[in-house]
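In: no sequence on this one, just coordinates:
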Ligand SMILES: Nc1ncnc2c1ncn2[C@@H]1O[C@H](COP(=O)(O)OP(=O)(O)O)[C@@H](O)[C@H]1O
Ligand SMILES: O=C(O)C1=C[C@@H](OP(=O)(O)O)[C@@H](O)[C@H](O)C1
């Protein structure tokens with residue numbers, strides 16, 4: 001396979017393009033500065049069939065041209081590129097976070113989305129890469145209740161009590177600069193919560209309901225009291241309840257400053273299913289969307 005890549009002016013160190021044909025993905029590492037302008041190493045990995053494991057990745061020949069010079073690039077790495085693909089992603093994540101971080105001005109990032117949408121998983125990745133602290137509202141409520149689980153708080157004191165605590169935790173979290181906050185799935189429903197969340201930047205992780213139901217079915221519904229009481233197998237129970245909750249909540253999630261759509265990420269990468277998307281890829285997209293909001 002041959003590909004021609006034209007360097008864009010003011011290119012950041014990493015470029016990620018999905019323009020190498022349908023179901024193909026290619027990423028290039030461009031050196032920030034080359035000591036020798038005639039020689040430049042370009043690291044390329046191509047996923048000709050994302051979502052599958054080994055055997056589909058290969059190196060391609062690339063000719064690079066830039067406004068100032070024109071040179072053939074040679075691949076610097078041979079062998080399986082499986083590990084390189086995830087290395088690519090980690091480096092893109094790092095680079096993107098460095099780009100966005102100064103414009104956040106220390107503002108708190110609130111992740112909102114349905115239960116199971118990955119707020120905790122992605123929130124931890126974002127906090128680490130930005131050098132922010134990670135705050136999990138549900139965990140704070142549990143700690144303050146002396147270790148009582150969210151499910152037991154619902155059972156013992158009712159949902160109203162939990163929602164009051166949730167609002168109080170969001171108020172406190174909004175005062176912690178440089179933090180990524182994983183909110184509970186229902187936090188978007190109270191207008192007062194938005195008063196606190198709008199002090200920072202809010203990001204909606206928008207995940208198709210069937211993918212959420214699969215994730216939740218895999219771990220069980222015990223820790224998610226709003227899913228208790230349905231009948232059927234774990235997947236069907238979760239899907240039915242999530243569908244009715246989403247009808248009530250969809251519009252409120254859209255109040256967030258930025259939206260990360262897993263369907264859009266899958267289309268961008270040529271994945272046939274959102275389940276191929278890694279949390280790192282979601283974190284990268286979250287930074288992209290924050291970037292769009294900030295500019
Ligand atoms: N991108 C992903 N792909 C597959 N499973 C995921 C992904 N992100 C999170 N998960 C899994 O889904 C479940 C719920 O994730 P979690 O981060 O706890 O969601 P939330 O905090 O929004 O409820 C966990 O078991 C987690 O490992
Ligand atoms: O959707 C909801 O109303 C809830 C989601 C849960 O958090 P996660 O979104 O982290 O699962 C937790 O706050 C509580 O069970 C209520």
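Out: Yep, that arrived. It should be emphasised that the depicted structure is a prediction, and the values quoted were computed from it without experimental measurement. Numbering: from 1, shown residues only. Ligands and ions are numbered 1, 2, ... in the order given.
In: how about residue 132: what's its closest non-neighbour residue?
Out: Ranked by C-beta to C-beta, 6 or more residues apart in numbering and with sequence neighbours excluded, the top spatial neighbour of residue 132 is residue 178, at 4.7 Å. All C-beta atoms are positioned from the backbone trio N, CA, C, and that covers glycine.
In: so where is the stretch 1-150 of the chain shaky, pLDDT-wise?
Out: Along the stretch 1-150 of the chain, the model assigns pLDDT under 70 to residues 1-86.
In: on the three-state scheme, the residue in it positioned nearest to ligand 2 is what?
Out: Ligand 2 sits closest to residue 115 of the stretch 1-150 of the chain, with a gap of 3.2 Å, by C-beta to the nearest ligand atom. Residue 115 falls in the coil class when you classify it by DSSP: H, G, I helix; E, B strand; the rest coil.
In: just to revisit the earlier point, the residue nearest to residue 132: neighbour count?
Out: Residues lying near residue 178 (other C-beta atoms under 10 Å) number 16.
In: okay, it: pLDDT?
Out: Per-residue pLDDT puts residue 178 at 97.
In: what sits against residue 174?
Out: By C-beta atoms under 8 Å, 6 or more residues apart in numbering, residue 174 lies in contact with 108, 196, 197, 199, 200.
In: if we go to 6 Å?
Out: 108, 196, 199 (C-beta atoms under 6 Å, 6 or more residues apart in numbering).
In: count of neighbours near residue 272?
Out: For residue 272, the neighbour count with other C-beta under 10 Å is 12.
In: would you mind measuring from it to ligand 1?
Out: Residue 272 sits 15 Å away from ligand 1, going by C-beta to the nearest ligand atom, to the nearest Å.
In: what about that residue, which SS state?
Out: coil.
In: so what's the residue count around residue 268?
Out: By other C-beta under 10 Å, 16 other residues sit near residue 268.
In: between the contacts of residue 174, which sits nearest residue 232?
Out: Residue 232 has its nearest neighbour among the contacts of residue 174 in residue 196, at 36.7 Å by C-beta to C-beta.
In: and the closest one, what does it touch?
Out: Contacts of residue 196 were listed using C-beta under 6 Å, 6+ apart, and they are 170, 171, 174.
In: so the residue nearest to residue 132 makes contact with residue 106?
Out: Yes: Residue 178 is within contact range of residue 106, at 4.9 Å (criterion: C-beta atoms under 6 Å).
In: need the contacts of residue 174 in CSV (columns: secondary structure and distance to residue 240).
Out: Putting these into CSV (DSSP: H, G, I helix; E, B strand; the rest coil; distance: C-beta to C-beta, whole Å) gives the following:
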residue, secondary structure, distance to residue 240
108, coil, 34
196, helix, 31
199, coil, 35
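In: quick check, residue 231 in a helix?
Out: No: checked against three-state DSSP, residue 231 lies outside a helix; its state is coil.
In: what is the neighbour count of the nearest residue to it once chain neighbours are set aside?
Out: Using C-beta to C-beta, 6+ apart and skipping residues adjacent in sequence, the residue nearest residue 231 is residue 237, 6.9 Å away. A count of nearby residues for residue 237, using other C-beta under 10 Å, gives 19.
In: what distance do you get for residue 237 to residue 206?
Out: Using C-beta to C-beta, to the nearest Å, residue 237 is found at 22 Å from residue 206.
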